[in-house]
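Q: The following block contains a protein sequence and its predicted model.
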Amino acid sequence: MGDRRLFVYGTLLDPRRVRAVVGRTFPARPARLAGWVLVPPERTLSGYPEVEPRPGGWVEGLLLEGLDEPALRALDAYEEGYVRRPVHVQAGGEVVQAEVYVPSRYRATSQGSSRGRR
C-alpha cells in the first residue's frame, strides 16, 4: 500500500468504480476542497462532473488514502483529459496534502487558500 492521497468528487466517490478501475479500494474519509466549485455533468464538455477554481467556493468529496503508483497510473488512464494536481483539503479537522483530478485546462491554476468520473 502506498502513501499518496487523492481527493475525489464525482464517479470515483463510488468504491465499486474505484475497484473496477484499480482492482481494489482504499480507506476513505469525507473531505472538503476549498477554492473550487463543482460543475455538474450537464454543464461540462466532458459530460462528467468537473471542478473549476472559484475564490470562496468549496467542493465536498472523499479523501482516498494509501494509493500507490500503480493505482495512480490506472486512475490516470481512467481520467483521460484530466490531470492530477496538488491541493490541500480539509478532512477530519485537519488540512492535508492530496491530489485532485482537474480538467487539463486548469493544470497551472493556483489553488484556493485551504484547499473524477470525478
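A: Great, that's in hand.

Q: ok, which stretches of the protein are strands?
A: 4-8, 28-39, 50-67, 82-91, 94-103 (DSSP state E).

Q: In CSV, list these along with distance to D76 and mean neighbour count.
A: For the C-beta atoms, the positions are set from N, CA and C on the backbone; glycine is no exception. Below are the strands of the chain laid out as CSV (distance: least, C-beta to C-beta, whole Å; neighbours: other C-beta atoms under 10 Å):
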stretch, distance to D76, mean neighbour count
strand 4-8, 11, 23
strand 28-39, 19, 19
strand 50-67, 11, 19
strand 82-91, 7, 19
strand 94-103, 9, 19
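
Q: will you turn those into TSV that also has mean pLDDT and distance to V22?
A: Shown next, in TSV, are the strands of the chain (pLDDT from 0 to 100; distance: least, C-beta to C-beta, whole Å):
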stretch	mean pLDDT	distance to V22
strand 4-8	98	11
strand 28-39	97	13
strand 50-67	96	8
strand 82-91	96	14
strand 94-103	96	14
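
Q: mind putting the ones you listed in JSON lines, distance to A74 included?
A: Listed next are the strands of the chain as JSON lines, based on distance: least, C-beta to C-beta, whole Å:
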{"stretch": "strand 4-8", "distance to A74": "12"}
{"stretch": "strand 28-39", "distance to A74": "17"}
{"stretch": "strand 50-67", "distance to A74": "10"}
{"stretch": "strand 82-91", "distance to A74": "13"}
{"stretch": "strand 94-103", "distance to A74": "13"}
